[in-house]
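[1] Got a predicted model here, sequence first, then my questions.
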Amino acid sequence: MNMNKRELMGKKELCLLIAMSLAGGVVHAQSTTGSIVGQVPAGTGETVTVQSTSGLQREAQVDSRGRYTVNQLPLGTYTVTLKHNGATAQTRSGVNLRVGQATDVSFNPEAASGDMAAKNLAGVNVTANTLPSIDVTSVDSRTVITAEQLRKLPLGFTAEAAALLAPGVVNNTGGFTTATGGSLASFGGAGANENAYYINGFNTTDPLKSEGGITLPYGSIDQEEVYTGGYSAQYGRSDGGVINMVGKRGSNEWHFGGQASWEPAFARAPATALYYENGLPTTPGQVAKYGDLYDARGENSYWVTTYDAYVGGPLIKDKLFFFASAEMAKQQGNSLGAVTSTSPYTDYHYSMPKWYAKVDWNINDSNILELTGASSKRETAADTYRYDYQNYQRGALFGHAANTKTGGDLWTAKYTGYLTDNLTLNAMYGKMHTAAFSEVAGYDPGLVYIENPQLQNPTLNGGDPRLTNQTVTSISDPGRGNRTTNLRVSLEYKLGDHTLTAGIDNLTAAALKQGAVDSGPGYYWSYNQTDHPGNDLNTGLGVGPTANYPNGAQGYYVKRQVDRALNNVRTSEHAQFIEDNWQVTDKLLLSLGLRDDQFTNYNAAALAYIKQNNQWAPRLGFAWDVNGDSSFKVYGNAGRYFLASPLEPALSAGSSELSTTQYFTYSGIDASGVPTGLTAMSGPVSANSNFGQLPDPKTVVAKNLKAMYQDEYMLGFSKTLGHDWLYGAKATRRVLRSSIDDFCDADTLAAIAAQQGVIMGPDNNGCHLINAGTDNTFVVADTNGQLHDVKATRQALGFPKMKRNYYALETFLEHPFDGQWFGNVSYTLSRSYGNTEGMTQSDAKSDGPQESADWDNGPIMVWSNGDQGNDHRHQFKAFGYYQITPEWLVSGKVTLQSGQPKVCLGLFPGNVDPAGYGSSYHYCNNVPVPPGSTGRLPWQRQLDLGVQYAPAFAAHKLALHLDVFNVFNAQGVTNIVPSYYRDSSGSPNPLYGTAQVTQSPRYARLSVTYDY
């Protein structure tokens, strides 16, 4: 019997992709595998065999209802064969798996049991169909970007750039970046450092601040899974999103190739200059010479080149394979900074080497071993110069900026054992080492750093700022870095309609030689001036008016800043999970999971100061195959997600950090910029009481501290539209239930303790980690050193209830690639609001956990409830490509995104600074200004276009690419200076409202690729 592809496809439509759910396939997010499932007309004696291009072969029995499932398959291309009584009945080739998803390969009625049918269909071979299909075995929300899409779409060469294609994912508004320069993304209203990164199943998330993680060379990504909610109980430690990268692997065919790309300086539009938005500085000096210009960014110029190459193939056919790749990106140029900088002109160069290697060993069809190595680093060096803004000319060499080396290496080993047809063992172990090296060439320890020399009293320096050639405020240990290990073991057992999975997920991390000390003599000088010399400089710290001291009548003063912290800290994170994916009926799948996390954090003395156990996280999901043919899926999910505390808080609250400021007036300035004739206005003061003492670990955190966790609820649907389209919608609600932050108001705590009969002694910690916005119990030491419990209600602490809510409605329409074109359009309506953004505070450019001023004291939280800094009400995204001819392809990406709320931070009415935090309160000009109440920043609009030419004379293996990013050169403002005042005395800040972060200007990228 002869059948062509069209006839087979027509018969397929009789039972359009019959029920992936009927097959009961089970796959999980952040995995490295996929599944093949399908339906066969019920009969006896049928089996299905799947075989990859690397020789791996597995066989599955067809059950009494005609279902089959083959789980835990390495990604790749497969041939699927239906057999009847051992004889081939039908074959499907070219079946490509997607990570974490089930691929439907159902067979036609003609393949029913019976000798005649088997005889007639023997040897029939067709390629896998390309009709739109819906994975009705998944209960979560994710977007999978394939290597083909990465190659064809106009995207930046980063994992984060690909992640922004997913609905509800936005670029962070604070300008936060990973250690290797990638721009962090915000998922579903969460902070930009509440995400998790994976490579081939290993957690590569930065353990110090959770800012990104090691990523693969762009050309080595086989598939990138962008996970936006509802993930399995097998995974945790994220309440934002997940970027899961699966690298390429070798097969039985040799492949090699490479790419060279160039972003020329001449094709990059100049950045718009920035100006003082709130009036000119009132202080005489350098900045007043240039009108209202603040930052002449338009003088910046740089170019980028990226080279990568790969090779992969069999070492032993069907048994042993390898894949290796390397990438080197270089950036070189110059930048011109703010007019207030002592060395605004910088010549710099970056080197960003990456490599990736993978070995796959098919020991036999029941045992697989995978070894992975990867590296992602960034090295920088720069020279700094003076600059003549009047003539726009570079001046004399000022010094050398710090040479830095960041990023690191990882290796992993993974074993998969198909112990029986129904029992699978997975075990993975890996290590990651990252560095944070920083060293200044020609560093002179005899020079003191001078900050803000333009604010020196001009009558004492002759009108020309005086300073040394010290270019850095602090120095760090060359061995600074992080270490991470990750062990995962799981057993999956298929029992009838149930697929049961249980296992462990253990992670340990250490931050070594972290922190820094001030350069030079161990302190630096910071010049300042107030327009109100009769007002207190800092009420909360007890610093009075400059006018009360000699040489302070004009408001000039100087601060001696001392900062020192060098520590080793670590964390241990363990988890156990169990999950049941239950095929209740032919149309209904339930996913029932439970995870228990335990987090322990150790301070600089290796003592545990946080212990959090019994953090039970249920995960409940369903997928309903409405029509029973995988053409219409309704799904939902409810789950709880715990987030471990990163290591950075241990470097402050759990260590002997010293951070003090001492205020002086002065009568002279020597030739090196050092103030002379000092009169002390205060002793060393610290807003957070960081005076260098290592606290008792019992006093660092509130008793029974709960981990940060969030509840999430999703309900959505996906549906086919005709034969060529998919569409759907999803509603999401996220509620942050508990958040950890630092509380640093020692005076308020002492008053509460006194009411309970406890007089606090001098050895108490200045800051305490607490559960924000709720009651807390503190452990404090009295004057004799005895410890006492002090209970403090949130009202006594001056706190509102902690709130972070996120609501979203996402819609999408997609045309899968049909050999000619692919397109995807999505629209997201969302709102993120409350009084905490989480572990970041975007509008104040605070990127670290517990680094923001939020929850440090009660006054900071007055009028704090409103729209958060990562709130974008409207997001429209469209991307796709069109294969005009076999030689020519065009592509494009459009992003339209409403602006985030503006913010204004000032002083309390009457220009009062009750907590010593300066211009940080939600009052401006004596009026309450909750976040978002002063309007919103402009919309962000961006169009990226690409064209590719793959000539026939090179068999389409050679290709030339031209990508143009931000075609219309939109440079929308994404972050502004929020401080309404320059200091605690009420001096107006001329920079209030000035842009701090904008969209990148238009640029072009030329590339040539070759793939064999």
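    Done, it's in. Residues are numbered from 1 along each chain as shown.
[2] just how off-centre is stretch 82-90 within its chain?
    Taking Cα atoms, centre = their mean, to the nearest Å, one finds stretch 82-90 lying 48 Å from the centre of the chain it belongs to.
[3] For that stretch, list every residue counted as buried.
    Leu82, Lys83, His84, Thr88, Ala89, Gln90 (16 or more other Cβ atoms under 10 Å). No exception for glycine: its C-beta is placed from N, CA and C like everyone else's.
[4] From the opening residue of that stretch to its closing one, how far?
    Chord length of stretch 82-90, first to last residue, is 5 Å (Cα to Cα, to the nearest Å).
[5] tell me the mean pLDDT over it?
    Averaging pLDDT along stretch 82-90 gives 85.
[6] just stretch 33-52 next, same as before
    82.
[7] Quick one: end-to-end distance for that stretch.
    End-to-end for stretch 33-52, by Cα to Cα: 13 Å.
[8] What are the buried residues along it?
    So, applying 16+ other Cβ under 10 Å, buried residues of stretch 33-52: 33-41, 43, 46-52.
[9] List just the nearest of the buried residues of stretch 82-90 to Met714.
    Leu82 (35.8 Å; Cβ to Cβ).
[10] my guess is the closest one contacts Thr91, does it?
    Yes - if you go by Cβ atoms under 8 Å, Leu82 and Thr91 touch, sitting 7.5 Å apart.
[11] Please name the residues that touch Glu59.
    Thr47, Val48, Thr49, Val50, Asp421 (Cβ atoms under 8 Å, 6 or more residues apart in numbering).
[12] cool, Ser183 as well?
    Thr158, Glu160, Asn171, Asn172, Gly175, Phe176, Thr177.
[13] I'd like to know the beta-bridge partner residues of the third one.
    With DSSP bridges as the criterion, the beta-bridge partners of Asn171 are Ala185.
[14] low-confidence ranges in the chain?
    The model of the chain has pLDDT under 70 over residues 1-30, 42-45, 109-133, 282-291, 653-654, 688.
[15] mind checking the longest strand of it?
    strand 556-583 (DSSP state E).
[16] mind listing what's buried in the next helix or strand after it?
    Next helix or strand after strand 556-583 toward the C-terminus (DSSP states H and E): strand 588-602. Within strand 588-602, the residues that count as buried by 16+ other Cβ under 10 Å are 588-602.
[17] Tell me where the stretch 351-500 of the chain has strands.
    367-388, 393-400, 402-418, 423-440, 450-451, 474-475, 481-495, 498-518 (DSSP state E, counting those that start in this stretch).
[18] Check the stretch 651-800 of the chain too.
    Under DSSP E, counting those that start in this stretch, the stretch 651-800 of the chain gives strands at 658-665, 668-669, 675-676, 679-680, 708-721, 725-738, 740-743, 768-771, 776-781, 787-792.
[19] Go through those strands and name the closest to Gln868.
    strand 725-738 (10.7 Å).
[20] and the closest one, which strands flank it?
    strand 708-721 (antiparallel), strand 804-815 (antiparallel).
[21] what angle separates the first one from strand 588-602?
    Using axes from the mean of the first three to the mean of the last three Cα atoms, to 10 degrees, the direction of strand 708-721 lies 150 degrees away from that of strand 588-602.
[22] Show me what counts as buried in strand 708-721.
    Met708, Tyr709, Gln710, Asp711, Glu712, Tyr713, Met714, Gly716, Phe717, Ser718, Lys719, Thr720.
[23] circling back to that earlier point, as JSON lines, the strands paired with strand 725-738 with distance to Ser672 would be great.
    Below are these laid out as JSON lines (distance: least, Cβ to Cβ, whole Å):
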{"stretch": "strand 708-721", "distance to Ser672": "47"}
{"stretch": "strand 804-815", "distance to Ser672": "48"}
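[24] Out of those strands, which gets nearest to Pro314?
    Of the strands paired with strand 725-738, the one closest to Pro314 (Cβ to Cβ) turns out to be strand 804-815, at 35.8 Å.
[25] now the next helix or strand after the closest one against strand 804-815, angle please.
    Tracing the chain past strand 804-815, the next element assigned as helix or strand by DSSP H and E is strand 821-834. Counting by the same axes, to 10 degrees, strand 821-834 lies at 170 degrees to strand 804-815.
[26] how many other residues sit next to the nearest residue to Leu829 once chain neighbours are set aside?
    Distances taken as Cβ to Cβ, 6 or more residues apart in numbering place Leu809 nearest to Leu829, at 4.8 Å, with adjacent residues excluded. Number of residues near Leu809 (other Cβ atoms under 10 Å) recorded here: 15.
[27] these two touch, right, Leu809 and Ser826?
    No - counting by Cβ under 8 Å, Leu809 does not reach Ser826; the two are 11.1 Å apart.
[28] ok, back up a step: return the member of the contacts of Glu59 nearest to Tyr385.
    Of the contacts of Glu59, the one sitting nearest to Tyr385 (Cβ to Cβ) turns out to be Val50, at 63.3 Å.
[29] looking at the sheet around that closest one, what are its partners?
    Taking DSSP bridges as the rule, Val50 bridges to Arg58, Val80.
[30] same thing with Tyr833?
    Asn805, Asp867.
[31] Okay, and which of the contacts of Ser183 map to helices?
    Glu160 (DSSP state H).
[32] Now for the contacts of Ser183: which two are most distant?
    Among the contacts of Ser183, Thr158 and Gly175 lie farthest apart (Cβ to Cβ), at 15.0 Å.
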